[in-house]
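# Provided below are the primary sequence and the corresponding predicted coordinates.
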Amino acid sequence: MTHSPPAPSQADATVATGRIPFRFDGAGGCVQGLGPARPLPRGDAGTLAARIAGAMAGAGPDEIIGGALPFHREADDCLWQCRARKSAHIAVTPRPLDLRGSSLRPEPEAPDYALAVARALQIMAQEAGADHALEKIVLARTLLVESAAPIAIDALMSRLGADSSVTAFQVALPQLPGADHPRTLCGATPELLVEKTGARVASHPLAGSARRSGDPRIDRQAADGLEHSAKDQREHALVVEAILDTLAPYCRQLGCPQGTRLTSTSSMWHLGTRIEGELRDPATPSVLLASALHPTPAVCGVPSHRAAGFIKVLEPVPRDFYAGAVGWCDNRGDGAWYVAIRCAEISGGQARLYAGAGIVPGSDPMAEAAETGAKFGALLAALGLPADAGLAKVARPDSRRECKESH
Ligand SMILES: C=C(O[C@H]1C=CC=C(C(=O)O)[C@@H]1O)C(=O)O
C-alpha cells in the first residue's frame, strides 16, 4: 500500500484569474490573498528557509506569503506571494449548498480502517520499552463525495465559517496532470499550529476527542468522560511535550499558563493546551516556525519519523495536504499557521474529506473509526449532507450508497 504524492502540473504555475490564492477567516480576523498571485518555487521542507528568504527579499511592502505545507516533509509545498487584505472576522450568512443525491464512498471502509488501527496497536505492543518504539500514531481515513454539479467554493466557505470556534480556510492547490478542474483545499480547522506577532508566539494543540450531542446531558457526559480519560490525556500530553521541545530553542520564555482544558467546536469536544512564549529573534518568519513544528503528534505520532513511515504503509489514500499546515506570513515574519484538519480537497464536483484519530496503547479500533466518522461531520454538514453520514459507515460498512436523507 505504498504510494507517492501526485506530480504537479507545469500548466498550473499561476493561480488563474478569478481564483482566491488563500483565505483564512476565524474569530481573530480574516486574511485573504488578492490575486493574481506568484507561486513560490515549489520544494520540500529542507529547502523552505532558502525559498522564503528569496521571496521575502523580493517582496513588495504589502505582499504576504500564504498557502499550504504538505503532510510529508519530503513532499512539495504550495505557497503563493501576493497582496492581501487583512480585516476583522467577516460574518457572512451561510449560503445554500445541497449535495444530496451525490455518491459517498469511504476509502478505506471503516472496518478496514479499524484493522489498520489494530495493526498499529500490535506494533506498539511488540515494541514497548525498546529504543525508538512507536508510542503514538495518528491514522486517517477519507470519504469521497461525488456530485454531478461542481461544488461552489464560496458557498462552502460561507457555511464553514458559521462555527465561530474554527478558522475557515481555502488554499488554491496545483492542478493535477490531466485534471479538468482546479483543486482547492477547504476546511474549518479548530487547531492553531503557531501564531507569531512581533516577539510573541503561541500555539494551541488539540488531541483527545469526543463527539458532541444535541442533548445537553449526553453532551456534558461526553465532555466529562474526555476530561477524565487517562488514554486521551496521554495522547494529548505527547503533543504538548513535542511542541514545547521544538519551540524551546527559539524562545527566551515559554509555558502553558492555563494548563490543559476542554475546548469545543460545534460538533466535537477536544483537550487543548494553549502554549505561549517570547521569541529570542522576533524576525523569525512564522512559516519557518510552522515548518519546524510540523508534523506534531496531533497528526503524525511519536517518534515522528517512524509514525510518518507507518502512515504511508497503513493508509491507502495519500494525505497530500491533509494534516499539513495552512497559513500566512507577512514581511515582518508575523502570521498564523493552522493544522490542516477537518478539511476536504475539492475539484469540480468531487470532494475528498479526511479525518484522523490519535492511536495510543488502550485505543479501541472501532471507537477510533467512530471518532473519525464524527470528525467528518462539520464538512459533511457544510456540503449539505447529513452530518452523521460518516458514522453510518461505521455501523453499516456497505461500499457505496446514495445520500438522499433529509436533515
Ligand atoms: C487528526 C485530526 O484531529 C487531531 C486534532 C484533534 C484531535 C485529535 C484526536 O483526538 O485524535 C487529532 O489529534 C483530524 O481531525 O483529522
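Structure's in. What do you need? Numbers count the residues shown, from 1 in each chain.

# From one end of stretch 297-316 to the other, what's the distance?
Stretch 297-316 has its terminal residues 20 Å apart, counting by CA to CA, to the nearest Å.

# how far out from the middle of the chain is that stretch?
Its chain's C-alpha centre and that of stretch 297-316 lie 15 Å apart, by CA atoms, centre = their mean, to the nearest Å.

# hmm, it in reach of the ligand?
Yes - contact of stretch 297-316 with the ligand (CB under 6 Å from any ligand atom) involves Ala298, Val299. Where C-beta positions appear, they are placed from N, C-alpha and C, glycine not excepted.

# does the residue in the stretch 101-250 of the chain that the ligand sits nearest to belong to a helix or a strand, and which?
Across the stretch 101-250 of the chain, no residue is closer to the ligand than Ser209, which sits at 3.5 Å (CB to the nearest ligand atom). In this structure, Ser209 sits in strand 206-211 according to DSSP states H and E.

# Give the next helix or strand downstream of that strand.
That would be, after strand 206-211 and using DSSP H and E, helix 216-227.

# and that next one, what other elements does it pack with?
Counting contacts by 3 or more CB pairs under 8 Å, 6 or more residues apart in numbering; DSSP states H and E, helix 216-227 is packed against strand 206-211, strand 260-264, strand 268-273.

# and the residue of the stretch 101-250 of the chain closest to the ligand, what are its bridge partners?
His270 (DSSP bridges).

# what about it, neighbour count?
23 (other CB atoms under 10 Å).

# Contacts only, for it.
Ser209 is in contact with Leu226, Asp232, Met268, Trp269, His270, Ala357, Glu371, Ala374, Lys375, counting by CB atoms under 8 Å, 6 or more residues apart in numbering.

# Check Lys86 too.
Gly29, Cys30, Val31 are the contacts of Lys86 under CB under 8 Å, 6+ apart.

# Give me the pLDDT value at it.
If you check Lys86, the pLDDT there is 94.

# which element is it on?
Using DSSP H and E, Lys86 maps to strand 78-87.

# Run a quick neighbour tally on Ala88.
10.

# and if you look at Pro111?
14.

# Just to be sure, it is in a helix?
Yes - under DSSP: H, G, I helix; E, B strand; the rest coil, Pro111 sits within a helix.

# Okay, helices next: where are they in the stretch 51-200 of the chain?
With DSSP state H, counting those that start in this stretch, the ranges of helices along the stretch 51-200 of the chain come out as 110-127, 153-160.

# just the stretch 201-350 of the chain next, same as before
216-227, 230-247, 286-293, 304-314.
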